[in-house]
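Asker: predicted model and sequence below, questions to follow.
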Amino acid sequence: MTSEASQALLRALFDAAVAAADPFRCLPAWLPEPPKGRTIVIGAGKAGGSMARALEDHWPGPLEGLVVTRYGHKIPTGRIEVVEAAHPVPDEAGRAAAARILDMVQGLSADDLVICLISGGGSALLSAPAEGLTLADKQAMNKALLKSGATITEMNCVRKHLSAIKGGRLAAACAPAQVVTLLISDVPGDDPSVIASGPTVADPTTCAEALAILDKYGLREPVAAYEYIKRGHDETPKPGDLRLTRAVTRMIATPQASLEAAAALALASGVTPVILGDSLEGEARDVALVHAGIAKQVARHNQPAAVPCVLLSGGETTVTVRGSGRGGRNAEFLLALAVALEGHPRIHALACDTDGVDGTEDNAGAILTPDSLARAEVMGLRAKDFLANNDGYTFFSKLKDLIHTGPTLTNVNDFRAILVR
């Protein structure tokens, strides 16, 4: 297999993973029966626009609603209004949309149905500060969490306890209507209470746990947000809350399903797939070291599978920002992998975010070839220096090895594929 063929296969595996989470493919089968009363559609996430359109295309009766998605992710809809807001740091548009959604579900009856469309990114996009807090407080805390190295589960625990809509509060506002939440998972473990901070799901976490997370990472500012959680006077709805009795969740797409789709394509292409896990977490550069070790084991000993073999994994790594470069956790992972593999002649790799946006950059991720380091050295680029500066984007940009897809209109977290020939 040539280097060009290897790169083409890796890109095809990524495309297969994204296609498996396409709302137009996976949403229709999970739609509930129409109710006696009204049907209200609400939601938030990077897949919000495509989920709303897929629902419209397959819903037999009248409906109305409002869904918020990330800037650049909106697609035309007819009956459901789709608005755009900022991600990963919330903005006024997201706050206004959250307020409108809460107003929209007031005064519903037991004959009404609320369909909530939730996907990754919804936590930032659906921003309703708790009473006494401001949007600026939420923005500052989000920025601090993103730089801290906290996991997505930890971040969303804190977010839920600073919100008037997350952690089951939205479902409570919908009562006594039936609430059916259709979820596309972007979190390790597919916990519905973590995806977009679980606006329609009872929250098992507490203010005390959120405070422990802030203390763990030394996050004491903004003071108003820290003190609000420390007071612990306004807990989220817990399992067993009667207001959530008629709220159900349906998982329509997951990282595992996307990994399995990629694995099926690899097998059909004559390459043995090995799924290492769908929920891998940790510092991107540390996760890269483990992946490099496994890839070398395959190359050297044909274990855990004989070559040709592709190692597949998902989940969400983190990056503790210490430098001033342009990153993205997938670019950081791939740059650390390049350093660890030292130009291994039989290994190619790809790392991308399935939503098409690696962090806050304009790329989905990047691709690594056996000659990446050699080409970089010719250009005077030292991979270790770029890694120390959290500057994976610039490194792969100079090599012209970034992958650009534009918004994919779905999101099942990171996708990594390491091909050993």
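Answerer: That came in fine, so what should we check first?
Asker: phi and psi next, for Q256.
Answerer: The phi/psi pair for Q256 (degrees, to the nearest 10) reads phi -60, psi -40.
Asker: where does the protein dip in pLDDT?
Answerer: By pLDDT under 70, the chain has no low-scoring segment.
Asker: how is it partitioned into domains?
Answerer: Structural domains annotated on the chain: 3-18+256-420, 23-253, as defined by automatic domain parsing.
Asker: just send these back as a markdown table, with mean neighbour count too.
Answerer: C-beta: built from backbone N, CA, C; applies to glycine. Output for those, formatted as a markdown table (neighbours: other Cβ atoms under 10 Å):
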| stretch | mean neighbour count |
| --- | --- |
| domain 3-18+256-420 | 20 |
| domain 23-253 | 21 |
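Asker: wait, isn't G282 in contact with T317?
Answerer: Yes. Taking Cβ atoms under 8 Å as the definition, G282 is a contact partner of T317 at 6.1 Å.
Asker: the protein: strands as residue ranges?
Answerer: In the chain, the strands defined using DSSP state E lie at 39-44, 64-70, 80-85, 113-118, 178-184, 247-253, 272-283, 309-318, 347-353, 365-368, 402-403, 414-420.
Asker: V194: what's it in contact with?
Answerer: Counting by Cβ atoms under 8 Å, 6 or more residues apart in numbering, V194 makes contact with 152-153, 156, 187.
Asker: same check on D111?
Answerer: Taking Cβ under 8 Å, 6+ apart as the contact definition, D111 lies against 35-38.
Asker: let's have those residues in JSON lines, adding distance to G49.
Answerer: Putting these into JSON lines (distance: Cβ to Cβ, whole Å) gives the following:
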{"residue": "P35", "distance to G49": "24"}
{"residue": "K36", "distance to G49": "29"}
{"residue": "G37", "distance to G49": "26"}
{"residue": "R38", "distance to G49": "22"}
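Asker: may I ask which two of the residues you listed are separated the most?
Answerer: Maximum pairwise distance in the contacts of D111, criterion Cβ to Cβ, is 9.2 Å, between K36 and R38.
Asker: so P34 versus G61, what's the distance?
Answerer: Distance of P34 to G61, computed by Cβ to Cβ, to the nearest Å: 5 Å.
Asker: please disregard the earlier target; I meant S269.
Answerer: Noted for S269: a distance of 44 Å to G61, by Cβ to Cβ.
Asker: over to G78?
Answerer: 14 Å.
Asker: do the same with T272
Answerer: 48 Å.
Asker: what does G406 give?
Answerer: G406 is 33 Å from G61, where distance means Cβ to Cβ.
Asker: same question, A383
Answerer: Per Cβ to Cβ, A383 is found 57 Å from G61.
Asker: A331 too?
Answerer: 46 Å.
Asker: setting aside sequence neighbours, what's the nearest residue to G45?
Answerer: In space, G45 comes closest to S119 once its chain neighbours are excluded; the distance is 3.0 Å by Cβ to Cβ, 6 or more residues apart in numbering.
Asker: quick one: contacts for the one you found?
Answerer: Taking Cβ under 8 Å, 6+ apart, one finds 43-48, 51, 183-184, 186, 195-196, 410-411 in contact with S119.
Asker: P255 touches D278, doesn't it?
Answerer: Yes. When contacts are counted by Cβ under 8 Å, P255 is listed as touching D278 (4.2 Å).
Asker: overlap of the contact sets of the two?
Answerer: 188, 314-315.
Asker: and the residues you listed as TSV, adding distance to V114?
Answerer: TSV is the format used below for the shared contacts of P255 and D278 (distance: Cβ to Cβ, whole Å):
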residue	distance to V114
P188	27
G314	30
G315	31
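Asker: so how far is V83 from the residue nearest to A340 when sequence neighbours are not counted?
Answerer: Ranked by Cβ to Cβ, 6+ apart and with sequence neighbours excluded, the top spatial neighbour of A340 is A292, at 3.6 Å. According to Cβ to Cβ, A292 and V83 sit 43 Å apart.
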